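K.L.:
When you get a sec, could you give me coordinates for this:
(2 chains)
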There are 2 protein chains.
Amino acid sequence: MSAPSYQLLIKNILKMPLAQASKKQIVYRGDLRFTYPQFAERISRLANVLTTLGAQRGTRVGVMDWDSHRYLESYFAVPMMGATLMMVNIRLSPEQIAYTINHAEVEILLVNKDFLPVFEQIRAKLPLLRNVILLTDDGENIAGDFAGTYEEMLAAASDKFEFPDFDENTIATTFYTTGTTGNPKGVYFSHRQLVLHTMMLMATMMMAGLNGRISREDVYMPLTPMFHVHAWGFPFVATMMGMQQVYAGRFLPPVVLKLLATEKVTVSHCVPTIMHMILSAPEAANIDLRGWKVIIGGSALPRAMCQAGLARGIDIFTGYGMSETCPIMTLSHLKADLVHDVGSGSEAEIDYRVAAGLQGALIELAIVDDDMNHQPRDGHSIGEVVARGPALTPGYVKNQEASDALWKGGWLHTGDIGTIDQNGYLHVLDRSKDVIKTGGEWISSIGLEDVILSHPAISECAVLGIEDTRWGERPIAVVVLKPNAAASEDDIKSLIRARTVTGELSKFAIPDHVVFAQSLEKTSVGKLDKKKMRAMYGAVKSA
Amino acid sequence: MSAPSYQLLIKNILKMPLAQASKKQIVYRGDLRFTYPQFAERISRLANVLTTLGAQRGTRVGVMDWDSHRYLESYFAVPMMGATLMMVNIRLSPEQIAYTINHAEVEILLVNKDFLPVFEQIRAKLPLLRNVILLTDDGENIAGDFAGTYEEMLAAASDKFEFPDFDENTIATTFYTTGTTGNPKGVYFSHRQLVLHTMMLMATMMMAGLNGRISREDVYMPLTPMFHVHAWGFPFVATMMGMQQVYAGRFLPPVVLKLLATEKVTVSHCVPTIMHMILSAPEAANIDLRGWKVIIGGSALPRAMCQAGLARGIDIFTGYGMSETCPIMTLSHLKADLVHDVGSGSEAEIDYRVAAGLQGALIELAIVDDDMNHQPRDGHSIGEVVARGPALTPGYVKNQEASDALWKGGWLHTGDIGTIDQNGYLHVLDRSKDVIKTGGEWISSIGLEDVILSHPAISECAVLGIEDTRWGERPIAVVVLKPNAAASEDDIKSLIRARTVTGELSKFAIPDHVVFAQSLEKTSVGKLDKKKMRAMYGAVKSA
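P.N.:
Take a look at the predicted model:
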């Protein structure tokens, strides 16, 4: 008998909490609690349900749900059967949702009742869809053309399923990104890639010496939607570690804050918008947030938010990546030789916490110019961030042209402009489409936003490059005031002007106009939608 | 352009400390210090030297050296070229060394001058060997048939080398185990396996909550010889993390203790014999060992040693594996729900620290009977420990029969007898060949040794099963007294007898004889050589 070939399969992640006999739980909204053996049984039940509905190797199974134990069960059951999990981006427009479900060739869909209004609107446009399973928290049975409700079907199914062995390069998941032009594009990842991403993320977090130290004793609650590239891959990590996991359902700041306190959550991740909502919720004032580790990704972590988080005792720092990269590529871990006073909120500490961070295990990053020439890692040389690594998407589903562009020159193009400093930290200055080219200089919109957000009256801010016949582009700022706060256009401009005097910023950086708005446009995943705002505010003149 | 296929290659480990701009050093005996960029240059130089000597894809390159920066350089340069590194087991007899070098088909050998007496004795018996590089600490040039000295040849070589891409399943390393019967057998590992072992070890260490928490701020010094399955894989981990690394040369307790203090070493690993030598060295009394994390493997960690280590403030715990398994499969990490008073040395804490531990990321373990039936994980059911995982050797070099036996039934057979408890911890009771079968019961020789070592006069101990016509086997104990200490045969037997009264041990466990010896027989890697001792002491009667 020779050694069996060992394939990197998602089922091997699930084996770990059982093998290590974790006594922790998977908690849904504080109401439902499952042990790991129960969780594993439910995964087998789900696989049997899907098999009954005709799912087999390669079948696409879609999920439309909030963050839940059910979603986590689908992360495992669907790929472990050899089927492909499609995480439906519920923040797209109904037309776009229909497009992505059809493009992914989804045959079975799990739909939370909260999304039925959208779903019923598009159902007739989904010719490939054969079966729909209804997800409800209370087991409520709603009339309609459903194969059944999730809990009833699981209860009726066997809790044994023999998950097959197959090639580790089998596609496990797919997710559609919100492209800024054209239709959403589907990224996809194999079992090998997801297992490696899990191991890479754990190996990277293991290196942490001063911040972001996580162990099996931590309590995990994602604040990134689970449809968004597997909640950045952390649920796979949390499961491998047999951690206590908490899923909050639909994102509501009071619910999340209550769970933080009652479930003693110690580690989360989210986009800045979510962190902003949590920190500014009235309920946050009465909750002890000390020791909560929060990885901020999706957009740059503003310095002011980093300071506010540290002031609350939160270990707040940055992770960087994108849907195409599985996604985590860097974490902003501090090094003892650079930061001597962790938690103090010193300039150096903030500098490194808001940086994209150190590249993670097996991730290779470079800064290149338009001809793919690698730039020095000196903290000054600026160019596009490109990447290599074992977990990056091989391309976009059925879109060779976009795939070729993504991998031009053998590196994955992030579309971000950045620099890598002498200490190995990546600093992302801007999305290449958001960087403002004015008077022959490149101005980082993120850098200007950081300065404006340091004004005590400003709650949110977006700096946009607006076409200008003379200078190419000129910056304008769109700001949202805090409740009962006031600021003038000149207050904002003066803040920037002060930085031009010290030489930190070019004089071209002073915005032409400051627009005061009630809210900012956001994309489906909570990022600033600068494309939309450029269209909205491109013709605005100062008040 | 489509995405390039990403292969798991050892060169990708080396990229990490450079990408993360580690400012740490690789230190040899406190005398030589290399930055990571210098280390990477030396690896390129070594690859150029080996190329000049005719090394190419698949060439076997052997190393006979103490723990050194040079050995670490060979860990990378040789496999990164596509050649195979053979770690020569320098503790074998000269005849066995010659056998293994020939069997591995080594063409180029790096030899430390300390091993020249052995090497010159066997050189004529190595027909495949074409070139020998001399390793000396001081650059001393010794007359002989050498291609040159290591430092001279490196100095003359280019510091640039384009390490090629190739299939991740390319063999990277080989090492010959000291079989208890017949000739040594060669295990081997591919690039994929070594990269995965590195990631698995990091992912497993990341989970640590209460003990064994390691980060990039730690200082690493191996105390396992580097020829012994890549010093258990930790140098690859330390390099990926860009840690400060210290290599001590030939193992001498005073040198090691001095380096522990001057280099502020915080993490090491070794066999119990080495730990015993360190703790009992006169120099140890004056050195602060608090916070030193030490993983004990190769043999069981005796309770008394664990207590002695904890009393010195050492975070001492167990790792389990064997040459065939790359090697680390488990670590004895404590869990907060089981141990409430870490560092106290409570019974529960010792129980878990001396256990083999929790199975590591992607490792699958089972306890089976002779017919491969899996036994319950209840802490009582005993059987052979078998394993699966991505980093286990596919078999033995050119030995199909032994490979088939190793992988009988699709699992790797460890030859160890153990049990897995309800909390997921593996407890290894004995080597299957060392377990004592007497009066229809199985007695763990390791368990008896643990009891005997609790006697304050006993320094070392081996319990052996000796053939007995009536009972099958009967235990005898061989003990070494501490300096100026005294104990009688009856003292030892009384200790065991007390445990039989409480029901902890069977009455069959009381040894028939206790032999007082000056020292115990050890294998090449410092383990008790029970086979030899059974032959020596099989006929001994009580004094």
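K.L.:
Could you pull up the residues touching A:Leu109?
P.N.:
Listed by C-beta atoms under 8 Å, 6 or more residues apart in numbering or on different chains, the contact set of A:Leu109 reads A:Val61, A:Gly62, A:Val63, A:Met64, A:Val88, A:Ile101, A:Phe119, A:Leu126, A:Leu129, A:Asn131, A:Val132, A:Ile133. C-beta: built from backbone N, CA, C; applies to glycine.
K.L.:
A:Ala387 versus whichever residue of the stretch 301-450 of chain A sits closest to chain B, what's the distance?
P.N.:
When you check the stretch 301-450 of chain A against chain B by C-beta to the nearest C-beta, the closest residue turns out to be A:Gly424, at 3.2 Å. Distance of A:Gly424 to A:Ala387, given as C-beta to C-beta, to the nearest Å: 15 Å.
K.L.:
Domain-wise, how is chain A divided?
P.N.:
The record assigns chain A these domain ranges, following automatic domain parsing: A:33-189, A:436-537.
K.L.:
What mean pLDDT does the first one get?
P.N.:
Averaged over domain A:33-189, pLDDT sits at 95.
K.L.:
now do stretch A:329-344
P.N.:
Mean pLDDT, stretch A:329-344: 95.
K.L.:
What of stretch A:497-504?
P.N.:
Per-residue pLDDT values over stretch A:497-504 give a mean of 86.
K.L.:
Could you export it as CSV, CA atoms only?
P.N.:
Backbone C-alpha positions of stretch A:497-504 (Å, rounded to 0.1, in the frame of the first residue of the first chain) are rendered in CSV as follows:
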residue,chain,number,x,y,z
ARG,A,497,-3.4,74.7,3.6
ALA,A,498,-1.6,74.3,6.9
ARG,A,499,-0.2,71.0,5.6
THR,A,500,1.0,72.7,2.4
VAL,A,501,2.9,75.2,4.4
THR,A,502,4.8,72.5,6.3
GLY,A,503,5.5,70.8,3.0
GLU,A,504,3.6,67.7,3.8
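K.L.:
how far out from the middle of the chain is that stretch?
P.N.:
34 Å (C-alpha atoms, centre = their mean, to the nearest Å).
K.L.:
now stretch A:131-139
P.N.:
Counting by C-alpha atoms, centre = their mean, stretch A:131-139 is centred 26 Å from the centre of its parent chain.
K.L.:
Then stretch A:225-235?
P.N.:
Between the centre of stretch A:225-235 and the centre of its chain there are 7 Å (C-alpha atoms, centre = their mean).
K.L.:
Alpha carbons only: can I get that stretch in CSV?
P.N.:
Listed in CSV are the C-alpha atoms of stretch A:225-235, where the atom choice follows Å, rounded to 0.1, in the frame of the first residue of the first chain:
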residue,chain,number,x,y,z
PRO,A,225,-21.1,40.4,5.3
MET,A,226,-20.6,36.7,4.8
PHE,A,227,-21.4,37.1,1.1
HIS,A,228,-18.3,39.2,0.7
VAL,A,229,-15.5,36.8,-0.3
HIS,A,230,-16.3,34.4,2.6
ALA,A,231,-16.2,37.2,5.2
TRP,A,232,-12.6,37.7,4.2
GLY,A,233,-11.8,34.0,4.9
PHE,A,234,-11.9,34.4,8.7
PRO,A,235,-14.8,31.9,9.3
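K.L.:
Following the helix or strand harbouring A:Asp490 in sequence, what is the next regular element?
P.N.:
Under the assignment given by DSSP states H and E, the secondary-structure element containing A:Asp490 is helix A:489-501. Next helix or strand after helix A:489-501 toward the C-terminus (DSSP H and E): strand A:513-517.
K.L.:
ok now that following strand, how far from the chain's centre?
P.N.:
29 Å.
K.L.:
now the angle from the next helix or strand after that strand to strand A:513-517?
P.N.:
Going down the chain from strand A:513-517, the next helix or strand is helix A:530-537, by DSSP H and E. Orientation check (axes from the mean of the first three to the mean of the last three C-alpha atoms, to 10 degrees): helix A:530-537 against strand A:513-517 gives 100 degrees.
K.L.:
got the buried residues for helix A:530-537?
P.N.:
The neighbour-count criterion (16 or more other C-beta atoms under 10 Å in any protein chain shown) identifies A:Lys530, A:Lys531, A:Met533, A:Arg534, A:Tyr537 as the buried residues of helix A:530-537.
K.L.:
Pick out the most distant pair among those residues.
P.N.:
The most widely separated members of these are A:Lys531 and A:Tyr537, with 11.5 Å between them, by C-beta to C-beta.
K.L.:
circling back to that earlier point, ok, and the closest non-adjacent residue to the residue of the stretch 301-450 of chain A closest to chain B?
P.N.:
Distances taken as C-beta to C-beta, 6 or more residues apart in numbering or on different chains place B:Ala21 nearest to A:Gly424, at 3.2 Å, with adjacent residues excluded.
K.L.:
For that neighbour, give me phi and psi.
P.N.:
In this entry, B:Ala21 is assigned phi and psi values of phi 50, psi 50 (degrees, to the nearest 10).
K.L.:
show me the contacts for it.
P.N.:
Taking C-beta under 8 Å, 6+ apart as the definition of contact, the neighbours of B:Ala21 are A:Arg377, A:Asp421, A:Gln422, A:Asn423, A:Gly424.
K.L.:
I'd like to know which of these are buried.
P.N.:
Buried residues within those, defined by neighbour count using 16+ other C-beta under 10 Å: A:Arg377, A:Asp421, A:Asn423, A:Gly424.
K.L.:
Including distance to B:Gly526, pLDDT and secondary structure, could these go into CSV?
P.N.:
Output for the buried ones among the contacts of B:Ala21, formatted as CSV (distance: C-beta to C-beta, whole Å; pLDDT from 0 to 100; DSSP: H, G, I helix; E, B strand; the rest coil):
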residue, distance to B:Gly526, pLDDT, secondary structure
A:Arg377, 44, 97, coil
A:Asp421, 45, 98, coil
A:Asn423, 41, 98, coil
A:Gly424, 38, 98, coil
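K.L.:
Name the nearest of these relative to A:Glu152.
P.N.:
Within these, proximity to A:Glu152 (C-beta to C-beta) peaks at A:Gly424, which comes in at 52.9 Å.
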